[in-house]
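Chemist: Below is the sequence, then the predicted model.
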Amino acid sequence: MKLPPKVHQSGPSLYYVHQNKWHRLCRADVSESEVYAALATFLEIGTEPTIMDIAEDYQKSKLLTRSRVTQKEYARIIDKEVRPQFGHMHPNDLTQQDVAVFLECMTQANKAPMGNRIVAVLSSIYNHGMRIRMADFNPTYGVRRNEEKPKQHYVTDQELWDASKKATQRFRWFMWGLYLTGLRQKDLMALDITSRIYEVIEVIESKTNKGVEVIVTPSLKKLLRRSIGPRTDGAVFIGERGQRWRQSAVQSAMGRLNVPWTLHDLRAKAESDHPEGLGLLTRYNRRKTVTGVK
């Protein structure tokens, strides 16, 4: 069948392409008369929604309720991955088999974890699409994700010391703060100076929303005095420019060290090092006492 001008096939559907925008008309396996009828309808009243239409609506509404880090990462995946690979498709044309094939292709390209991240974003887009009646089903449901081997790296004392020598002074203090408190990066960045800061660190954990107290050991007290110094601002740990640490700055500083471990690994080290570790830390949940370091 000879297609009308500006009509092209992509996957199981036919699209009307105008000014580099793909507008879905109908399935590719319909008769010629149905193709022309769909084209006439489109030219008269407009177009059907695409996956990208749902994604853009999702970004303007639901995504804004997520954390800034999640918003930034989802926006990047939508723009760099979802848009070129799925954006032009009609929501109901994407099948479970298409998703499974995509995940297998990512595995063959040694990008299995990234494939999972993209499908997770796609699933959120479809869930939103179903809620606003722009998609009839979620094709990611029931598709087994790629297997991911968890990265496990125990940071040795020597590795930590070597990294400390290469780090800037302020980032060195931030790393040791993670190690001596066992707090998450986000919680340590948000840590403020209090009247009892040299006795106990009180934090409402961002992930669990539970109150936690970290007893300040001599090693930790020494670190806090160095980091805070004579300053009068509210942050305990600040960057080289005197501002509170941000996630992007922490990632950049960590990248410059070029080490085979992450700050998450460093927190794990804090959880398992006692009595070999440099600081004994005991953490108390306000509802239930728990031991942070064995």
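Modeler: Received the coordinates, thanks. Fair warning: this is a prediction, and the values are worked out from it, not measured in the lab.

Chemist: Could you find the closest non-adjacent residue to Leu223?
Modeler: Distances taken as CB to CB, 6 or more residues apart in numbering place Trp176 nearest to Leu223, at 5.5 Å, with adjacent residues excluded. (C-beta placed from N, C-alpha, C; glycine too.)

Chemist: Lys222 is in contact with that neighbour, correct?
Modeler: No - with contact defined as CB atoms under 8 Å, Trp176 does not count as touching Lys222 (9.7 Å).

Chemist: Could you work out the end-to-end span of stretch 12-26 for me?
Modeler: 9 Å (CA to CA, to the nearest Å).

Chemist: Next: stretch 189-200.
Modeler: Note: stretch 189-200 ends 17 Å apart using CA to CA.

Chemist: neighbouring contacts of that stretch?
Modeler: The contact list for stretch 189-200, computed with CB atoms under 8 Å, 6 or more residues apart in numbering, reads 183, 201-203, 206, 213-216, 221, 224-225, 228, 234-237, 244-247, 250.

Chemist: repeat for stretch 84-91
Modeler: Applying CB under 8 Å, 6+ apart, the contact partners of stretch 84-91 are 10-11, 13, 15, 22, 24, 48-52, 54-55, 94, 102, 118, 122, 126, 129, 134-136.

Chemist: try 6 Å
Modeler: Outside stretch 84-91, the residues within contact range by CB atoms under 6 Å, 6 or more residues apart in numbering are Ser13, Trp22, Arg24, Glu48, Thr50, Ile51, Met52, Gly129, Ala135.

Chemist: The first one pairs with what?
Modeler: Read that as Ser13. Ser10, Arg27 (DSSP bridges).

Chemist: got the buried residues for stretch 29-41?
Modeler: Val35, Ala38, Leu39 (16 or more other CB atoms under 10 Å).

Chemist: In the contacts of stretch 84-91, which residue is surrounded by the most others?
Modeler: Most neighbours among the contacts of stretch 84-91, by other CB atoms under 10 Å: Ile51, with 27 neighbours.

Chemist: so how far is the one helix or strand Phe174 maps to from its chain's centroid?
Modeler: Phe174 belongs to helix 169-181 when assigned by DSSP states H and E. Computed by CA atoms, centre = their mean, to the nearest Å, the chain-centroid distance of helix 169-181 equals 23 Å.

Chemist: do the same with stretch 16-32
Modeler: 34 Å.

Chemist: Need the contact partners of it.
Modeler: Residues contacting stretch 16-32 (CB under 6 Å, 6+ apart): 1, 6-9, 12-15, 38-39, 42, 47-48, 88, 90.

Chemist: ok, the residue lying closest to Gln9 once chain neighbours are set aside to Ser272 distance?
Modeler: Nearest residue to Gln9, sequence neighbours excluded (CB to CB, 6+ apart): Ala28, at 4.9 Å. Distance of Ala28 to Ser272, computed by CB to CB, to the nearest Å: 57 Å.

Chemist: and the two? which has more neighbours close in?
Modeler: Using other CB under 10 Å as the criterion, Ala28 and Ser272 rank with Ala28 on top: 17 against 12.

Chemist: and that one, backbone torsions?
Modeler: phi -80, psi -20 (degrees, to the nearest 10).

Chemist: Then Gly182?
Modeler: phi 70, psi 10.

Chemist: ok, it - how many residues close by?
Modeler: 25.

Chemist: what's the helix or strand for the closest residue to it other than its chain neighbours?
Modeler: With sequence-adjacent residues excluded and distances taken as CB to CB, 6+ apart, Gly182 is closest to Ala270, at 4.1 Å. Per DSSP H and E, Ala270 falls inside helix 263-272.

Chemist: Can I get that helix in PDB, CA atoms only?
Modeler: Taking C-alpha atoms only, helix 263-272 is exported to PDB below (Å, rounded to 0.1, in the frame of the first residue of the first chain):
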ATOM      1  CA  LEU A 263      29.700   7.900  49.900                       C
ATOM      2  CA  HIS A 264      26.900   5.300  50.400                       C
ATOM      3  CA  ASP A 265      29.700   2.700  50.900                       C
ATOM      4  CA  LEU A 266      31.300   5.100  53.400                       C
ATOM      5  CA  ARG A 267      28.000   5.200  55.400                       C
ATOM      6  CA  ALA A 268      27.900   1.400  55.300                       C
ATOM      7  CA  LYS A 269      31.500   1.400  56.700                       C
ATOM      8  CA  ALA A 270      30.300   3.500  59.600                       C
ATOM      9  CA  GLU A 271      27.500   0.900  60.300                       C
ATOM     10  CA  SER A 272      30.000  -2.000  60.500                       C
END
